[in-house]
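Undergrad: model this:
(one chain, ligands or ions: 1)
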Amino acid sequence: MSRFLVTETPLAGLRLIQRQQFSDSRGFLSRLFCADALLAAGWDKPIVQINHTCTLRQGTVRGMHYQLPPHAEMKLVTCLRGEIWDVALDLRAGSPTFLQWHAERLSADNHCSLLIPEGFAHGFQALSDDVELLYCHSAAYAPDAERGLHALDERLAIDWPLPVCELSEKDAAQSRVDGKFDGVRV
Ligand SMILES: Cc1cn([C@H]2C[C@H](O)[C@@H](COP(=O)(O)OP(=O)(O)O[C@H]3O[C@H](C)C(=O)[C@H](O)[C@H]3O)O2)c(=O)[nH]c1=O
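TA: Okay, here's the model as predicted:
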């Protein structure tokens, strides 16, 4: 019996992972990660870092962030508390879906995670207060290789469900896509 239901998205390699829960009168157990089970879903590297974030206010957006090769990373994004609108943006040079984005609602209640391959930018909007996320990363944080695109860039036209009430100073200053941007080679 599979512990994860894997669903493809319109962006190659970007997959929705629904976790199976083992419930009994005490509550439940589910696996957040399983190397064997997620290999077929494309996670073919060790986890080298796990991050935990808390976002206090509904409407806040974090993103859109990515790391340049050789620090490009896969991410498995899991919402442990509240609900988010999770967005992955295809930045892979030459991809037929270059600069296209796809979003999924992740929540503590729907037990879904988003598996994001290398070459994508990632961001999310908190759809509730007090959102907590867990990120598995296949590459270490490399601040010098970190880049971002503006979450409200008209050319990306990301359709955030709520008015964006907060961006970090860094995210508010992210660059907008110009005609010269040809993506990342991963
Ligand atoms: C990502 C990261 C950050 N930091 C430090 C750097 C800053 O001093 C502080 C906050 O970083 P930042 O404002 O970049 O955090 P987020 O805006 O939540 O960034 C994350 O949010 C988007 C949605 C993502 O997909 C990435 O996981 C990540 O970029 O934590 C670390 O020490 N290690 C790390 O791995």
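
Undergrad: Contact residues of the chain facing the ligand?
TA: 51, 53, 62-63, 65, 122-124, 135, 141, 168, 170 (Cβ under 6 Å from any ligand atom). Where you see a C-beta, it was placed from the backbone N, CA and C, and this is true even at glycine.

Undergrad: same thing but 8 Å
TA: Proximity of the chain to the ligand, by Cβ under 8 Å from any ligand atom, involves residues 49, 51, 53, 55, 62-66, 75, 77, 121-124, 135, 137, 140-141, 143, 146, 148, 168, 170-171.

Undergrad: Filter those down to the ones in helices?
TA: 170-171 (DSSP state H).

Undergrad: quick one: the strands in the protein?
TA: With DSSP state E, the ranges of strands along the chain come out as 4-8, 15-19, 22-24, 27-29, 49-55, 61-67, 75-81, 83-90, 101-107, 112-116, 120-126, 131-137, 146-148.

Undergrad: With mean pLDDT and mean neighbour count as new columns, can those be given to me in TSV?
TA: Listed next are the strands of the chain as TSV, based on pLDDT from 0 to 100; neighbours: other Cβ atoms under 10 Å:
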stretch	mean pLDDT	mean neighbour count
strand 4-8	97	15
strand 15-19	97	21
strand 22-24	95	9
strand 27-29	95	10
strand 49-55	98	13
strand 61-67	98	23
strand 75-81	98	21
strand 83-90	98	24
strand 101-107	98	19
strand 112-116	98	24
strand 120-126	98	25
strand 131-137	98	20
strand 146-148	97	15
